[in-house]
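In: the following block contains a protein sequence and its predicted model.
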Amino acid sequence: MRDLTELRLEIDRIDRQIVELFEQRMEISGEVAEYKVATGKRILDKERENQKLEAVKAMTHNEFNSHGVEELYKQLMAMSRKLQYQLMEKQALGRLPFIMVDKLEKENVRVVYQGVDGAYAQQAMFAFFGEDVNHFHVERWRDAMDAIAEGMADYAVLPIENSTAGIVNDNYDLLGEYDNYIVGEQILPIQHALLGTQDAELSDIRTVYSHPQGLMQCAKYLDEHRDWKQISLLNTAMAAQKVAEDGDRSQAAIASPLAARQHGLKVLEEGINRSGQNSTRFLIVTNQPIFCRDAKKVSICFEVTHESGCLYNVLSHFIYNNLNMCRIESRPIADRNWEYHFFVDFEGNLNDSAVKNALRGIREEALNLKILGNY
């Protein structure tokens with residue numbers, strides 16, 4: 001039996017050979033890229049890769065090595081593709097169907113939000129565009145997306161996630177469904193209050209209205225009042241409006257202090273959300289594929305085949321291009337059980353070569369890719 005030192009020296013010798021062969025393989029991959037660019041061929045050839053995997057697996061002598069070689073060659077071929085995408089980026093123009101602007105137009109525009117006066121979306125709109133902006137409100141988020149798609153408004157303001165309650169599922173689905181584009185975001189601190197009629201006291205309350213996210217964000221407070229019935233509405237400000245219109249002192253709304261002032265309600269208790277750092281991120285959406293010169297975040301949506309390693313291969317494009325992924329979410333695809341849309345935010349600008357390279361690779365390897373915006 002050879003001793004450990006001798007075995008390690010042998011492994012070092014083999015590793016040097018592996019590295020030399022790897023570099024030779026990458027050099028040939030570069031030549032393949034030049035040929036594909038010249039002839040207009042796609043980088044990813046799935047049939048060829050599957051044939052190669054079966055061929056190298058057949059060279060092994062046991063099941064363990066067969067599986068190991070398969071994993072090794074999947075990585076080798078992935079790295080070859082990344083190199084080819086990078087070389088292609090240098091030789092191709094790589095234009096994306098987006099128009100760069102120096103800044104967003106915020107004057108002489110019309111903005112739509114979901115809810116009524118006093119809604120948090122209205123506050124986010126004022127924070128982004130200023131309080132003199134021409135605006136109107138609609139009942140549903142889908143109505144807001146329709147309004148910009150049809151040209152009735154220039155921008156829509158949509159909540160996308162809350163730091164306490166998480167994402168707004170419906171709006172992720174709408175982003176995937178509509179050909180509208182994210183051009184900005186506004187983070188708004190959220191301080192919920194319990195609002196009642198002017199003659200109400202805390203002891204009178206029996207029913208509480210709010211948006212489902214408002215109820216979730218105040219779950220700890222509501223657990224202290226388990227005898228209260230909780231009813232969801234489309235918007236926190238709509239809840240305030242209902243309590244004001246009904247004039248029933250047994251009813252209360254979870255909404256903003258601004259909603260209390262606008263609907264003539266009394267603040268029964270302030271700061272009832274369970275987190276003192278509670279904030280909601282709102283997206284500014286338009287129907288034009290534009291992005292600002294100084295945009296720093298890209299949002300995309302894609303699907304992958306339901307096969308081992310497919311999601312990893314797509315996400316690896318961020319790694320190989322040194323791009324920082326901020327978040328990833330998944331949403332089920334309607335009428336296709338256990339299949340999902342993936343939503344990813346990452347840092348970058350559509351003018352960056354690394355971003356173009358990553359998007360080119362993802363577009364080649366995913367079933368589809370939609371660039372939701374750069375902002």
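Out: Noted; the coordinates are in hand.
In: point out where the protein drops to low pLDDT.
Out: 89-95 (pLDDT under 70).
In: hmm, Leu315 is touching Asn321, no?
Out: No. With contact defined as C-beta atoms under 8 Å, Leu315 does not count as touching Asn321 (11.3 Å). (C-beta placed from N, C-alpha, C; glycine too.)
In: who's more crowded, the two?
Out: Taking other C-beta atoms under 10 Å, Leu315 and Asn321 do not tie; Asn321 has more neighbours (22 against 17).
In: give me the phi and psi for the more buried one.
Out: Geometry field for Asn321 lists phi and psi as phi -100, psi 10, criterion degrees, to the nearest 10.
In: do the same with the one 4 residues further on
Out: According to degrees, to the nearest 10, the main-chain angles of Met325 amount to phi -80, psi 120.
In: ok, it to Glu307 distance?
Out: Per C-beta to C-beta, to the nearest Å, Met325 is found 21 Å from Glu307.
In: settle it for me: which of these two has more neighbours?
Out: Higher neighbour count among Met325 and Glu307: Met325, with 12 against 8, using other C-beta under 10 Å.
In: check contacts around Ala255.
Out: For Ala255, the contact set (C-beta atoms under 8 Å, 6 or more residues apart in numbering) comprises 118, 192-193, 195, 210, 214, 236-237, 239-240.
In: likewise for Gln191?
Out: Taking C-beta under 8 Å, 6+ apart as the contact definition, Gln191 lies against 256-257, 270-271, 273, 278.
In: buried ones in stretch 358-368?
Out: For stretch 358-368, the neighbour count (16 or more other C-beta atoms under 10 Å) marks 358-366 as buried.
In: out of those residues, list just those in strands.
Out: Members of those lying in strands (criterion: DSSP state E): none.
In: which among those residues gets closest to Leu158?
Out: Proximity to Leu158 was ranked across the buried residues of stretch 358-368 by C-beta to C-beta; first place goes to Leu359, at 23.4 Å.
In: wait, that closest one sits on Ile300?
Out: Yes. If you go by C-beta under 8 Å, Leu359 and Ile300 touch, sitting 7.3 Å apart.
In: who touches both of those two?
Out: Common contact partners of Leu359 and Ile300 (C-beta under 8 Å, 6+ apart): 369, 371.
In: ok, the residue nearest to Leu233 when sequence neighbours are not counted - how many residues close by?
Out: Leaving aside its sequence neighbours, Leu233 sits nearest to Ala239 (C-beta to C-beta, 6 or more residues apart in numbering; 4.9 Å). Counted with other C-beta under 10 Å, the neighbours of Ala239 add up to 30.
In: and what of Glu347?
Out: Glu347: 14 neighbours (other C-beta under 10 Å).
In: for the strand or helix carrying Glu20, packing partners?
Out: In this assignment (DSSP states H and E), Glu20 forms part of helix 4-39. Packed against helix 4-39 by the contact rule (3 or more C-beta pairs under 8 Å, 6 or more residues apart in numbering; DSSP states H and E) you find helix 63-91.
In: after the helix it packs on comes which helix or strand?
Out: Taking DSSP H and E as the definition, the helix or strand right after helix 63-91 is strand 99-101.
In: helices or strands up against the helix or strand following that following strand?
Out: Scanning forward in sequence from strand 99-101 by DSSP H and E, the next helix or strand is strand 110-114. The elements that strand 110-114 packs onto, with contact taken as 3+ C-beta pairs under 8 Å, 6+ apart, are helix 120-129, strand 134-138, helix 141-149, strand 155-162.
In: those: which one's closest to Ala58?
Out: Closest to Ala58 of the helices and strands packed on strand 110-114 is strand 155-162 (C-beta to C-beta; 48.5 Å).
In: by contact count, what packs against the closest one?
Out: Using 3+ C-beta pairs under 8 Å, 6+ apart, the elements in contact with strand 155-162 are strand 110-114, helix 120-129, helix 141-149, helix 169-177, strand 181-189, helix 212-217, strand 279-286.
In: out of these, nearest to Gln51?
Out: Across the helices and strands packed on strand 155-162, Gln51 has its closest neighbour in helix 169-177 (34.3 Å, C-beta to C-beta).
In: angle of that closest one against strand 110-114?
Out: Here the directions of helix 169-177 and strand 110-114 differ by 140 degrees (axes from the mean of the first three to the mean of the last three C-alpha atoms, to 10 degrees).
In: distance between helix 169-177 and the chain's centre?
Out: Counting by C-alpha atoms, centre = their mean, to the nearest Å, helix 169-177 is centred 10 Å from the centre of its parent chain.
In: packing partners for that helix?
Out: Other helices and strands packing on helix 169-177, by 3+ C-beta pairs under 8 Å, 6+ apart, are helix 141-149, strand 155-162, strand 279-286, strand 297-303, strand 325-332, strand 340-347.
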